[in-house]
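J.: Provide a 3D model corresponding to the input given below.
(4 chains)
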Number of protein chains: 2
Amino acid sequence: MNQGNRILVVDDEERIRRLLRMYLEKEGYAIEEAEDGETALRLAQQEEFDLIVLDLMLPGIDGMEVCARLRQTKATPILMLTAKGEEVNRVQGFEVGADDYVVKPFSPREVIFRIKAILRRSSATAFLSKELNTSNNIVFPHLVIEHDAHRVTAGGQEVNLTPKEYELLHYLASSPDKVFSREDLLKDVWNYDFFGDLRTVDTHVKRLREKLNRVSSEAASMITTVWGVGYKLEVAK
Amino acid sequence: MNQGNRILVVDDEERIRRLLRMYLEKEGYAIEEAEDGETALRLAQQEEFDLIVLDLMLPGIDGMEVCARLRQTKATPILMLTAKGEEVNRVQGFEVGADDYVVKPFSPREVIFRIKAILRRSSATAFLSKELNTSNNIVFPHLVIEHDAHRVTAGGQEVNLTPKEYELLHYLASSPDKVFSREDLLKDVWNYDFFGDLRTVDTHVKRLREKLNRVSSEAASMITTVWGVGYKLEVAK
DNA sequence: AGGGGTCTTCAAGCATGAATCAAGGTAACC
DNA sequence: GGTTACCTTGATTCATGCTTGAAGACCCCT
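T.: I've put the predicted structure just below:
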């Protein structure tokens, strides 16, 4: 868990702000919101944040501008949100000092990963600590997930997963033993603007189990159904 | 990882300084900035840096001059930045004591490689233990990349690559097994002022595979597509 | 400077692989 | 044994990657 890093979320769409607040608070961050550039700048000046999530498209002062002005006085890390197809000059974004950017529509999961990555980096440079803990690997008795290599190994053998299958497994694996409802999974693993059938989750679970089972029945049986509730990845007892 | 080497960045353009700071801090270096020759000289005299990145074109005392004066008292390694089209005599630069030079617009990646190479060289003389690691060669079962010679050998036979093809391959090879998205690749391998189509990456990958394949299908098949994510250079298992 | 060749980029169409959803079957609970 | 939730399957739709060609930038050589 995080020790309550403070994050400022800047977006003109309320549902986006609410969405991010929800997810980030779940992760233990303290959230503040701003719906335009002026407010964002004011808040950022008078309070200390550990990170700012900044939409590019804002009424009044746009994100690029906010970013540039902010950089004159503060070094707060900035994560940019850009809409797909928006004629964004990415380089401009970086020049202006954004640390990373995410394209909408994003999956909540992705945003959280990027935020964690940025915060890890910035605290790493502060303490000159080695990036030992940075490895994104998740290791269970019969299941290894190497995130950088995007590789899953079950019972010592590599398993080929499709993107969704991989994301689903990775999501379950990052909170082992926790049960997620189908709604949870759809909300977190899929894009925020996807409203699909709950049964879609079933299908992916099925194929995930199938692929794991071809290689290691132990790994496959880690994905357990909690009747009337949802799914979880169960770590052997 | 680097143990926080200290680097002084000297350039009159703020966006260049910021850009370099961003990338270098990500690599774990501690950055200080100067925007003119006078400041640079003052800072370089009163503090100890492990390396100085120095723009040739500066208001007041120019880079060449700074370099020459610095060399009278310090042996700090210097990496020169020169603008394209600037009729720079490279030899002049070396005479004056620069250790290496990079032409603008540079790709962030290139600068980082040069910096690491210089630091490795200079620390190699201090610690003989590192001597072994000094070569910039990357060696895989069917693929050898000799960076100093800018030469690629696949299956024992030399392959002729264009600059971009080479850089792409080298970048992938320096983090084997790690998956890079097309965005990542554009960001790191292309120049800092390039804003292009993601599909451009595909084209280069295609031709890279083609050239490697003419000589060694094993080498070609090391460049693997991770569906929905990006590309990686996969080391045989 | 001018011309030829190379490298890079980008667009368009095609090929392939993955995600979705509906419908019927099956297992768990009471 | 009935009811509810879950699993399975396959067709359809959708997303992504690959290939090709052509245009333009760039470089080198004369």
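
J.: Quick check: can you list the domain ranges of chain A?
T.: A:6-127, A:135-233 (automatic domain parsing).

J.: next one: the longest one to chain centre, how far?
T.: In terms of C-alpha atoms, centre = their mean, to the nearest Å, the centre of domain A:6-127 is found 13 Å from the chain centre.

J.: Tell me which other helices or strands the helix ranked longest in chain A touches.
T.: Counting residues, the longest helix in chain A under DSSP state H turns out to be helix A:108-127. With contacts taken as 3 or more C-beta pairs under 8 Å, 6 or more residues apart in numbering or on different chains; DSSP states H and E, helix A:108-127 sits against helix A:14-26, strand A:51-55, strand A:78-83, strand A:100-104, helix A:182-189. C-betas here are computed from N, CA, C, even on glycine.

J.: just so I know, which of the ones you listed lies nearest DNA strand D?
T.: helix A:182-189 (7.1 Å; C-beta to the nearest atom of the strand).

J.: got the CA coordinates for that closest one in PDB?
T.: Only the C-alpha atoms of helix A:182-189 are listed here, as PDB (Å, rounded to 0.1, in the frame of the first residue of the first chain):
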ATOM      1  CA  ARG A 182     -17.400  -9.500 -12.900                       C
ATOM      2  CA  GLU A 183     -18.400  -5.800 -12.700                       C
ATOM      3  CA  ASP A 184     -15.100  -5.100 -10.900                       C
ATOM      4  CA  LEU A 185     -13.100  -6.900 -13.600                       C
ATOM      5  CA  LEU A 186     -15.000  -5.200 -16.500                       C
ATOM      6  CA  LYS A 187     -14.500  -1.900 -14.900                       C
ATOM      7  CA  ASP A 188     -10.800  -2.300 -14.100                       C
ATOM      8  CA  VAL A 189      -9.400  -4.400 -16.800                       C
END
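
J.: Is that helix in proximity to chain B?
T.: No - Helix A:182-189 is not in contact with chain B by C-beta under 8 Å from any C-beta of the partner chain; minimum separation 13.1 Å.

J.: and the angle for that helix with helix A:108-127?
T.: Counting by axes from the mean of the first three to the mean of the last three C-alpha atoms, to 10 degrees, helix A:182-189 lies at 50 degrees to helix A:108-127.

J.: ok now the helix or strand containing A:Tyr231, how far from the chain's centre?
T.: Following DSSP states H and E, the helix or strand that holds A:Tyr231 is strand A:230-233. Centroid displacement of strand A:230-233 relative to its chain, using C-alpha atoms, centre = their mean, is 19 Å.

J.: For chain B, what's the nearest residue on chain A?
T.: A:Pro163 (3.5 Å; C-beta to the nearest C-beta).

J.: how many other residues sit next to that residue?
T.: 12 (other C-beta atoms under 10 Å in any protein chain shown).

J.: and it, what is it in contact with?
T.: Listed by C-beta atoms under 8 Å, 6 or more residues apart in numbering or on different chains, the contact partners of A:Pro163 are B:Trp227, B:Gly228, B:Val229.

J.: What's the local residue count around the last one?
T.: Here the number of neighbours of B:Val229 (other C-beta under 10 Å) works out to 14.

J.: what's the spacing between it and chain A?
T.: Going from B:Val229 to chain A by C-beta to the nearest C-beta, to the nearest Å gives 6 Å.

J.: I figured that residue hits B:Ser181, correct?
T.: Yes - in this structure B:Val229 lies within contact range of B:Ser181 using C-beta atoms under 8 Å: 6.3 Å.

J.: re the thing from before, so which of the contacts of A:Pro163 is the closest to B:Leu51?
T.: Nearest to B:Leu51 among the contacts of A:Pro163 is B:Val229, at 34.7 Å by C-beta to C-beta.

J.: any idea how far that closest one is from B:Asp11?
T.: 35 Å (C-beta to C-beta, to the nearest Å).

J.: just A:Tyr29 next, same as before
T.: From A:Tyr29 over to B:Asp11 (counting by C-beta to C-beta), the distance is 36 Å.

J.: likewise A:Glu32?
T.: Taking C-beta to C-beta, one finds A:Glu32 at 35 Å from B:Asp11.

J.: Compare neighbour counts for the two and give me the winner.
T.: Between A:Glu32 and B:Asp11, B:Asp11 has the larger neighbour count (other C-beta under 10 Å), namely 25 against 17.

J.: between the domains of chain A, which gets the lowest average pLDDT?
T.: In terms of average pLDDT, domain A:6-127 trails the rest of the domains of chain A, at a mean of 84.
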